[in-house]
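Trainee: mind looking at a prediction? Sequence and model below.
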Amino acid sequence: MGRRLFSRICLTVGLLVLPLGAAANTPFPPGRHPLDPEIERAKQRVATIRREIQDYSCTFTKRERINGKLLDYEQMFLKIRHEPFSVYMYFLAPKEVKGQQVVYIAGRNEGKLIAQPVGVLGVGGPYSLDPLGRFAMKNQRYPITNTGMLRLTEQLIQEAVRDRQFPQITLRYYKGAKVEDRACTVTQVEHPQLPQFQYFRARIFVDDQLNLPIRFESYLWPAKPGGEPLLLEEYTYTRLKLNNGFKDADFQIQK
């Protein structure tokens, strides 16, 4: 299942073409950093999402490296509501967790998520879990409270603000990329292998029509000189449906 899903994702993302140039080689006024335009665009994107998108559903595909091991792809049907922040996940793959459900609503259930596993573990469910606890965070880089395109953009802003204190940044743009049938512009950031940086390369795919970050991927430095970068994480949002008018009833474990 993991290899088939991997092949499908590679095909849907497509090739990065038509480089627009490296912003790091462009002269900037004193006090300006190559990341500043990206930070400004991302802040505008956050404001637009908060103003114009109340909720959305999508197919969410993720892959992460945990404790040095690259895990298999996970895919789920995802619902997000921004106020109050709410998440519903129904797992589609891999098959051993297909049908698993997870729900979180900010300010409800004493701040806990509700999980309904499948198989033997599901017999006693649903369970209330600390989003930051050991069980909820097993094989996860981020808690459920970080889920969604808005949270992703906010996190990228934080990282860019931190990185802008360092000049060793290479920034490039690419047009013509596709995620499934969605045309995207890609921003690629690269760092030298220095202690202040967490990863080697990051790519943000922004939907040209929706102005939403529908894919993010980051890589560690190659294990050997001249080798391929090591995938750290990737997240893809496809089949987006915006402003569905979700209510509390849409964020409950389904029987």
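Mentor: Received, thanks. Just so you know, these numbers come straight off a predicted model, no measurement behind them.
Trainee: every contact and neighbour count from this point should use C-alpha atoms.
Mentor: OK.
Trainee: that's a strand at K241, yeah?
Mentor: Yes - using DSSP: H, G, I helix; E, B strand; the rest coil, the assignment for K241 is a strand.
Trainee: show me the shaky parts of the protein.
Mentor: Along the chain, segments meeting pLDDT under 70 span 1-31.
Trainee: walking through it, point out its helices one by one.
Mentor: 2-13, 36-52, 149-163 (DSSP state H).
Trainee: out of the ones you listed, deepest packed?
Mentor: Mean neighbours per residue, mean count of other C-alpha atoms under 10 Å, is largest over the helices of the chain for helix 149-163, with a mean of 17.
Trainee: state the distance from S218 to P131.
Mentor: S218 is 24 Å from P131, where distance means C-alpha to C-alpha, to the nearest Å.
Trainee: let me fix that: A47
Mentor: Distance check for A47 against P131: by C-alpha to C-alpha, it reads 26 Å.
Trainee: tell me which residues touch P117, please.
Mentor: Contacts for P117 (C-alpha atoms under 8 Å, 6 or more residues apart in numbering) come out as 97, 99-101, 125-126.
Trainee: select only the buried ones of those residues in ChimeraX?
Mentor: Only the buried entries of the contacts of P117 go into this ChimeraX selection, using 16 or more other C-alpha atoms under 10 Å:
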select :97,99,100,101,126
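Trainee: list the ones among the contacts of P117 that fall in strands.
Mentor: Among these, DSSP state E puts Q101 in strands.
Trainee: nearest to Q198 among the contacts of P117?
Mentor: Nearest to Q198 among the contacts of P117: V97, at 30.5 Å, using C-alpha to C-alpha.
Trainee: close enough to count as contact, that closest one and V118?
Mentor: Yes - if you go by C-alpha atoms under 8 Å, V97 and V118 touch, sitting 6.3 Å apart.
Trainee: just to revisit the earlier point, could the contacts of P117 go into TSV alongside distance to I80?
Mentor: TSV is the format used below for the contacts of P117 (distance: C-alpha to C-alpha, whole Å):
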residue	distance to I80
V97	20
G99	18
Q100	17
Q101	14
G125	23
P126	20
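Trainee: once you drop chain neighbours, what's closest to Y235?
Mentor: Of all residues not flanking Y235 in the chain, K62 sits nearest, at 4.5 Å (C-alpha to C-alpha, 6 or more residues apart in numbering).
Trainee: hmm, H191 is touching S218, no?
Mentor: No - the criterion here is C-alpha under 8 Å, and H191 misses it with S218 at 11.2 Å.
Trainee: mutual contacts of these two, please.
Mentor: 199-201.
Trainee: between those residues, which is nearest K175?
Mentor: Nearest to K175 out of the shared contacts of H191 and S218 is R201 (C-alpha to C-alpha; 17.5 Å).
Trainee: find the nearest non-adjacent residue to the closest one, please.
Mentor: Nearest non-adjacent residue to R201, counting by C-alpha to C-alpha, 6+ apart: E190, 4.4 Å away.
Trainee: and that neighbour, how far from Q198?
Mentor: In this view, E190 and Q198 are 11 Å apart by C-alpha to C-alpha.
Trainee: thanks again, I'm all set now.
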